[in-house]
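Asker: Give me the fold of what follows.
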Amino acid sequence: MENVKIISADIDRHHRFLFPVDPTKIVIDFFDFSVRRFLEFFNFNNRVSAFSPNAILNNAVQSSALRMAEKTTIPGPPYSGPPSKPILDSVKLPSDMKKLKLSEIKQLAHELRWEVLESVSKTGGHLSSSLGVIELTVALHYVFDMPEDDIIWDVAHQCYPHKILTGRRDKMSSLRQLGGISGFCKRKESEYDSFGAGHSSTSISAAQGMSIAKSTLKKRKNNCVAVIGDGAITGGMAYEAMNSAGYLNSRMIVVLNDNGQVSLPTGTPSAGGVVPASQLSTYTSNLLVSKPFQDFRSFAKSFNKLLPGGIQDVNKRIDEYARGIVSGGTLFEELGFYYVGPVDGHDIDTLVPILAKLRDSPNNKPVLLHIKTTKGYGYPPAEAASDRMHGVGKFDLGTGVQVKSKSVAPSFTSIFANSLIDAATEDRAVVGITAAMPGGTGMDIFGRRFPKRTYDVGIAEQHAVCMGAGMACEGLKPFVCIYSTFMQRGYDQVVHDVAIQNLPVRMILDRAGFVGNDGPTHHGCYDLAYLGCIPNLTIMSPSDEIELKNMVMTCAAFDDGPTVLRYPRGTGYGADKLQSHFGYELKNGEIPAKGDVIEIGKGRIIRGPGAMIDNTSSTRGKERKDRVAILSIGTRLDEALIAAKEVEESDDRLCVTVADARFMKPLDVDLVRQLADDHGVLITVEEGSIGGFGDHVLHFLALDGLMDDGGLKFRPMVIPDTYFETATQNEQYDQAGLNSSHIKGTILRLTERLKVPVLEEA
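Answerer: Predicted structure coming up:
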C-alpha cells in the first residue's frame with residue numbers, strides 16, 4: 001500500500017495499527033493526544049494505557065458519538081399519545097425523579113413528549129424546539145439538583161418540558177395567555193427558572209457569572225449548566241463568553257444542542273444557498289464525512305476484522321469517539337473547553353452517565369458537551385415541516401394541521417416583502433439582510449425571488465448592521481430587516497457604523513409595538529425612543545398597508561442618509577375599510593399594486609372637524625377649547641379615527657381633527673404648528689414607550705413657544721413605563737390604555753366632559 005508506514009500505538013501493550021501517513025497521520029496524532037486529555041479529565045487511572053480496552057469500555061463515552069437513536073415508527077395519521085401518563089403523574093417536581101429507574105425515565109420522556117404536544121395544540125406556542133430537547137430535559141433533571149444547581153435554557157423557548165417537570169404542568173393551559181405562564185423561562189415565575197433568555201446567546205455568560213459567584217461565596221455545590229441551541233451558538237456573544245470562560249477557568253457545563261436549525265425557517269434561498277446560516281454546522285458536518293477521515297476509517301475497519309473479537313469491540317469504541325474528537329473539539333478546545341461529543345441527544349442511556357460523570361468531576365475546567373438532536377423529534381408533522389413547526393397556533397393533534405384565522409388582507413410582513421421585490425426589480429442595487437429571521441421579516445419571500453441578493457447572517461444583529469454599512473459604502477442599497485426588539489442587540493453599530501458616517505442603510509423594524517403572546521422580551525416598544533435620539537436618522541412609521549408600500553419605495557429612493565421603517569405585527573385593513581374609514585379614494589376600489597415615493601418629513605391630515613358625521617350643529621368647535629387634534633404615528637391611527645367619530649357623536653360642540661405624522665424624524669413642524677394654533681387640545685398617540693414620538697412633539701412645542709399662552713393642552717399617549725406580560729395584542733393595548741376607548745376618554749377629560757377623580761392624601 002502506497003504512502004503507508006507502521007505507527008506504533010500502545011493498545012494494552014500488545015497490538016499495532018497500520019495508519020496512512022499523509023494526511024491522516026495528523027488525525028491520528030491529534031486523536032492520540034485528545035483521548036489522553038479526555039481520560040485525564042475524567043481522572044482515569046494513569047497506570048492504564050490511554051488505549052486500554054478496560055479504560056475505553058468502562059469509562060469512555062458509552063455509545064456512538066454520532067449515531068442517532070433509531071426512530072420508532074409512529075403510526076398515523078391520525079397521531080395520538082398514550083391514554084394515561086402514570087410516571088409523569090408521579091413527578092410533581094424534579095426531586096420526584098430521583099427514585100425512578102432508568103427504564104422509567106425513558107417512559108417519562110415518552111409521556112412528557114405527548115404532554116407537550118397536547119398542551120401546545122390547545123394554546124399554540126414554540127413547539128418543535130421543546131420536542132427536540134425532551135430526552136435532554138429529563139436527563140438533566142434526573143442528574144442535577146435544581147434549584148440548587150442552575151440550568152439555563154438558551155433560547156428559552158426550549159423550556160416547555162422543563163416547565164412541566166418543575167411544578168407548572170397544571171398551568172400549561174394558560175401558556176402565553178393573559179394572566180398565564182410565560183413561553184420563556186422567567187425568574188419571578190419559578191425558582192427553577194435560573195435565568196430568562198427570550199433573545200439568544202446569553203446563557204454561557206450567565207452560567208459563568210453564576211459559577212464565579214458560587215465559587216466566590218464558597219457555596220457547597222457549583223453546577224451551572226448552559227443549554228445553548230436552536231441557532232443561539234451563532235451569536236457572537238456566545239464566543240465572547242467561551243473565550244472568557246476558558247481564560248478564567250470557570251467551572252461550568254455548556255450543552256450545545258446542535259439540531260441543524262439556525263434560521264426560521266432554515267433552508268430559505270439566499271446568497272449562501274439553502275443550508276443553515278452557520279459555518280460551524282458546516283464545519284462539523286464536513287469533517288465527519290471528509291475523504292481523508294473516511295479513508296482512514298475504512299482502512300482501520302478492514303484491518304480490525306483481523307483482530308480478536310474483544311479488541312474489535314475496543315476499536316469500535318475508539319472509532320466512535322474519534323469522530324467526536326475530529327468533528328468539533330479543535331475549535332472548542334482552542335477556546336479553553338474540554339470537548340465531549342457529538343452524542344445522540346435523544347439517547348437517555350448515553351446522556352445520563354455522561355452528565356453524571358461531568359457533574360461529579362472534580363476538575364474546574366469548563367466543558368462543552370456537543371449533542372445532536374432533531375427539532376420536532378417524535379412528531380412526524382413537525383419533523384416534515386419546513387420550519388419544523390417552530391412557532392404554531394392551535395393545531396389538530398392527529399394531523400398537525402394548524403387552525404388559521406381567516407383574514408382577507410395580507411400581513412404587513414408580506415406587504416413589505418413584496419414591495420421590496422418591486423423596488424429590487426427596478427434597482428439591482430437593492431439587497432436584503434436578515435439575522436436568522438427570514439420567515440418573520442419576509443426575507444423568505446424576497447429570497448425566493450432574489451436568492452443571490454438575500455443575506456442571512458444567523459443570529460448576529462451587530463454583524464448584520466455593520467455588514468449593511470459596508471455594502472452602502474460600495475453603492476449597494478441594503479435593507480437590514482430585523483425585529484424591533486432584536487435591533488437592540490445592534491445598537492452600537494447603528495450609532496457608530498451607520499449614523500455617524502451617515503451611510504444610507506435602510507433599517508426595517510418588524511414587530512414594532514406590542515407583539516402579543518411572546519411577551520416583554522419580544523415587544524418592539526422602545527425603538528422610537530432609542531433611535532430617536534440619534535442624529536442623521538430618518539424615522540418613519542406607516543398607518544396602513546398603502547403607506548407601508550409608499551415608505552418602502554421612499555426608503556429605496558433615499559440615498560442621503562440612513563432610514564428606519566418600523567411597522568407592527570398584524571395584517572392590513574383591506575380596500576373597503578381603507579376607503580370608508582381612512583378616506584382613501586381607490587381607483588376601481590383596489591389597493592395600488594406598487595407604492596409611491598412620498599416627501600420626507602411630511603405628514604397629512606386624515607380627518608377634518610366633523611368630517612365623519614352629518615354635521616348640522618352650528619356650535620361645533622366654535623370655541624378653541626372644544627377643538628381637539630389627534631396626531632398619530634403608526635397604526636394607532638385606526639383607533640384614533642374611531643375615537644374621533646365617537647366623540648363627535650356624543651357631543652355636538654366638540655370637533656376632532658385627526659392627523660398622521662408619518663415621520664418622527666424629521667418632524668413635520670409645519671403640521672404641528674397648524675394643529676397647535678387651531679386647536680385647544682393636542683394629543684399624540686404612538687405604539688412606543690416614554691421618550692419617543694410624543695416627547696419629540698412636546699420638545700418642539702416648548703422650544704417654539706406654542707404653549708406659552710396657556711391656550712393649548714397637550715397629552716402624549718404612550719406605552720406606560722412597565723413591562724407587559726403575555727396576552728393578545730389587543731389585550732395588551734387595552735392594558736396600556738391605547739385603544740379607542742382610552743383616546744376618547746382622554747379627549748373628554750381634557751375638554752372637561754368628564755371629571756378626573758382627585759386622589760386624597762392618606
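Asker: quick one: low-confidence parts of the chain?
Answerer: 1-75, 262-268, 272-330, 407, 610-618, 756-762 (pLDDT under 70).
Asker: how close does the residue nearest the centre of the chain get to Ala238?
Answerer: In the chain, the centroid-proximal residue (Cα atoms, centre = their mean) is His199; its distance is 5.1 Å. To Ala238, His199 is 12 Å away according to Cβ to Cβ, to the nearest Å. Every C-beta, even on glycine, is put in place using the N, C-alpha and C of the backbone.
Asker: coming back round to it: surely the residue nearest to the centre of the chain is in contact with Met487?
Answerer: No: using Cβ atoms under 8 Å, His199 is not in contact with Met487, being 11.2 Å away.
Asker: List the residues that contact Leu754.
Answerer: Residues near Leu754 by Cβ atoms under 8 Å, 6 or more residues apart in numbering: Gly745, Leu748.
Asker: Just to be sure, it is in a strand?
Answerer: No: read with DSSP: H, G, I helix; E, B strand; the rest coil, Leu754 is coil and lies in no strand.
Asker: wait, what's in contact with Pro78?
Answerer: Residues near Pro78 by Cβ under 8 Å, 6+ apart: Leu397, Gly398, Thr399.
Asker: And Gln177, by the same measure?
Answerer: Counting by Cβ under 8 Å, 6+ apart, Gln177 makes contact with Thr123, Asn517, Thr726, Ala727.
Asker: do that again at 6 Å, thanks
Answerer: Under the criterion of Cβ atoms under 6 Å, 6 or more residues apart in numbering, Gln177 has no contact partners.
Asker: wait, is it part of a helix?
Answerer: No: with three-state DSSP as the criterion, Gln177 is located in coil rather than a helix.
Asker: Over to it: give its phi and psi.
Answerer: Backbone torsions for Gln177, taken as degrees, to the nearest 10, come to phi -110, psi 160.
Asker: Tell me the spacing between it and Pro720.
Answerer: On the measure of Cβ to Cβ, Gln177 and Pro720 end up 21 Å apart.
Asker: quick one: Leu748 from Ala643, how far?
Answerer: Applying Cβ to Cβ, the value for Leu748 to Ala643 is 10 Å.
Asker: now swap in Ile354 and tell me
Answerer: Using Cβ to Cβ, one gets 61 Å for the distance from Ile354 to Ala643.
Asker: Those two: which has the busier surroundings?
Answerer: Ala643 (27 against 21; other Cβ atoms under 10 Å).
Asker: Contact partners for the more buried one?
Answerer: Ser740, Ile743, Lys744.
Asker: now those residues as CSV including neighbour count, secondary structure and distance to Met664?
Answerer: Converted to CSV, these look like this (neighbours: other Cβ atoms under 10 Å; DSSP: H, G, I helix; E, B strand; the rest coil; distance: Cβ to Cβ, whole Å):
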residue, neighbour count, secondary structure, distance to Met664
Ser740, 19, helix, 22
Ile743, 28, helix, 19
Lys744, 22, helix, 24
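Asker: Can you tell me which of those residues comes closest to Val498?
Answerer: Using Cβ to Cβ, Ile743 is the member of these that sits closest to Val498, with 34.8 Å.
Asker: nearest residue to that closest one other than its sequence neighbours?
Answerer: Using Cβ to Cβ, 6 or more residues apart in numbering and skipping the chain neighbours, the partner closest in space to Ile743 is Ala643 (3.8 Å).
Asker: Just the element for the one you found, please.
Answerer: Counting by DSSP states H and E, the element that carries Ala643 is helix 637-650.
Asker: List of residues touching the helix or strand just after that helix?
Answerer: Later in the chain than helix 637-650, the nearest helix or strand by DSSP H and E is strand 655-660. Applying Cβ under 6 Å, 6+ apart, the contact partners of strand 655-660 are 543, 603-610, 620-621, 627-632, 637, 640-641, 644, 647-648.
Asker: Repeat that for stretch 536-543.
Answerer: By Cβ under 6 Å, 6+ apart, stretch 536-543 touches 499, 502, 531, 548, 551, 561-567, 633-635, 637, 660, 662-665.
Asker: for stretch 94-102, same thing?
Answerer: Stretch 94-102 has contacts (Cβ under 6 Å, 6+ apart) with Val91, His141, Tyr142, Met146, Leu165.
Asker: so which strand or helix has Leu355?
Answerer: Going by DSSP H and E, Leu355 is part of helix 348-360.
Asker: For Arg665, which non-adjacent residue is spatially closest?
Answerer: You called it Arg, but residue 665 is Lys. Ile539 (4.5 Å).
Asker: Mind checking what secondary structure that neighbour has?
Answerer: Secondary structure for Ile539, judged by three-state DSSP, is strand.
Asker: That one pairs with what?
Answerer: Beta-bridge pairing for Ile539 (DSSP bridges): Val564, Lys665.
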